[in-house]
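Using only what follows, build the 3D model:
(chains A and B)
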Number of protein chains: 2
Amino acid sequence: MAGAEIERLVQLLARLPGLGPRSARRAALHLLKKREVLLDPLTRALGEASAAIKACSICGNLDTQDPCAVCADSRRDAALVCVVAEVGDLWALERSGAFKGRYHVLGGVLSALDGVGPEALNIQGLVARARSGELREIILALDATVDGQTTAHYIADRLVDTGVKVSRLAHGVPVGGELDYLDDGTIAAALNARRPA
Amino acid sequence: MAGAEIERLVQLLARLPGLGPRSARRAALHLLKKREVLLDPLTRALGEASAAIKACSICGNLDTQDPCAVCADSRRDAALVCVVAEVGDLWALERSGAFKGRYHVLGGVLSALDGVGPEALNIQGLVARARSGELREIILALDATVDGQTTAHYIADRLVDTGVKVSRLAHGVPVGGELDYLDDGTIAAALNARRPA
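Numbers count the residues shown, from 1 in each chain, chains lettered A, B, ... in the order given. Presented below is the predicted three-dimensional model:
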């Protein structure tokens, strides 16, 4: 191990999701070998992202502008709001190209295990948006996990008296999915939600 | 996807070994969520590493000083040199604590497939060190792969007329290794190199 600088770099890289101590060491070496084409550009990109990116004050999306590009886009349906746990989920929905409304990022899901209560999530902001009278429908696009579904239940309860329609993503067979490899819960959900062929 | 800054960051992160496009996106989001405790310290660490770390002019190790801490350490055996392909291999040997000589980093291995010839590696420097008359033994610590062993053969040939003793790492059963899971080549090598119990 050579130098406190490398040690520090390895320790910080190891805190990225997907990198452990061993792969962080490989990444640090790779960066030092490719100084001009990778290390220095990455340093600049990190600095620029840190300086430029902020959370949208309306939906919580990350962008260089506030309101974010999605909230500022007048061609999108402002009365349709999709609730997601994290910005990464928002990106996933945007990649699908299937949603033309706006978003609301909670910043996580309720979790008794991790001690995440309703006050830690941006639920108050969602209720305020629902009460504004400008929303027609709120789609809860949360993970089909215990924590995700608990959060969806809780939010649906909080939104009952706002008069806004609340819906959820459908459960079913993933596109390209093979029945043989699907878990029982998904097969049961897909059966229950069957549609005319 | 929000902003060219995030896109650029994701693209650069995806070029790190161990991170693909998907995990790079997760890493970028994680960095932006943990700005004070991770993103900004990482930016500083990268900048400091880029400014401070250089290759040792004797052995090729990466360090903040030249000669590196290993070459500058007078308690280490200067007549015993261990040849490794990459700095990561040098670190692995240092972690083992089993070697008290010095190193020579080739900067890779010969590879017909990747078009890496002898002139691309620091073999000339190794031959010069061998001819200096200060070395007693050179240990070739190269991967037990086709490319690694080809490189070891080539270097051994080049060192024949220097009069320096050339050795290699032993093949055998890894410590903690179970025979049942070992490949045939390793079992054969361990049998051939068997020692009195």
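
Briefly note if stretch A:33-51 comes near chain B.
Yes - judged by C-beta under 8 Å from any C-beta of the partner chain, stretch A:33-51 comes into contact with chain B through A:35, A:38-43, A:45-50. C-beta: built from backbone N, CA, C; applies to glycine.

Just the CA atoms of that stretch, as CSV, please.
Below are the C-alpha coordinates for stretch A:33-51, written out as CSV (Å, rounded to 0.1, in the frame of the first residue of the first chain):
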residue,chain,number,x,y,z
LYS,A,33,-3.2,4.3,-14.6
LYS,A,34,-5.6,6.3,-16.7
ARG,A,35,-5.0,9.7,-15.2
GLU,A,36,-5.6,12.0,-18.2
VAL,A,37,-8.5,10.0,-19.7
LEU,A,38,-10.4,9.0,-16.6
LEU,A,39,-9.1,10.2,-13.2
ASP,A,40,-9.0,13.9,-14.0
PRO,A,41,-12.2,14.0,-16.0
LEU,A,42,-14.0,12.1,-13.2
THR,A,43,-12.7,14.7,-10.7
ARG,A,44,-14.1,17.5,-12.8
ALA,A,45,-17.4,15.7,-13.4
LEU,A,46,-17.8,15.1,-9.6
GLY,A,47,-17.1,18.8,-8.9
GLU,A,48,-19.4,20.0,-11.5
ALA,A,49,-22.2,17.7,-10.4
SER,A,50,-21.8,18.7,-6.8
ALA,A,51,-22.0,22.4,-7.8
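
Show me which positions of that stretch end up buried.
Neighbour-count burial for stretch A:33-51, counted by 16 or more other C-beta atoms under 10 Å in any protein chain shown, picks out A:33, A:38-39, A:41-50.

which stretches of chain A have low pLDDT?
A:1-2 (pLDDT under 70).

Report the contact partners of A:K100.
Applying C-beta atoms under 8 Å, 6 or more residues apart in numbering or on different chains to A:K100 gives the contacts A:R75, A:R76, A:D77, A:L80.

count of neighbours near the third one?
A count of nearby residues for A:D77, using other C-beta atoms under 10 Å in any protein chain shown, gives 13.

any idea how far the residue nearest to it when sequence neighbours are not counted is from A:L140?
Take A:D77 and drop its neighbours on the chain: the residue closest to it by C-beta to C-beta, 6 or more residues apart in numbering or on different chains is A:G101, 4.4 Å away. Applying C-beta to C-beta, to the nearest Å, the value for A:G101 to A:L140 is 13 Å.

what's the answer for A:Y154, then?
Counting by C-beta to C-beta, the gap from A:Y154 to A:L140 is 10 Å.

Please say which of these two ends up with more neighbours.
A:L140 (24 against 15).

Phi, psi for the residue nearest in space to the middle of chain A please.
Closest residue to the average C-alpha location of chain A: A:E86 at 2.5 Å, with C-alpha atoms, centre = their mean. Main-chain torsions, A:E86, degrees, to the nearest 10: phi -130, psi 160.

and if you look at A:G176?
Phi and psi for A:G176, reported as degrees, to the nearest 10, are phi 90, psi 0.

Is the residue nearest to A:D77 in contact with A:C82, as I believe?
Yes - look at A:G101 against A:C82 with C-beta atoms under 8 Å: they come within range, at 5.9 Å.

quick one, which of those two is more surrounded?
Between A:G101 and A:C82, counted using other C-beta under 10 Å, the more crowded position is A:C82 (22 against 18).

nearest spatial neighbour of the more buried one, skipping sequence neighbours?
Per C-beta to C-beta, 6+ apart, closest to A:C82 is A:I139, 4.6 Å.

Okay, buried residues for stretch A:93-112 please.
Those would be A:93-94, A:99, A:101-111, for stretch A:93-112 by 16+ other C-beta under 10 Å.

Those: which two are farthest apart?
A:G101 and A:S111 (26.8 Å; C-beta to C-beta).

So which bits of the biggest strand by length in chain A are buried?
Determined from DSSP state E, the single longest strand within chain A is strand A:77-84. Within strand A:77-84, the residues that count as buried by 16+ other C-beta under 10 Å are A:L80, A:V81, A:C82, A:V83, A:V84.
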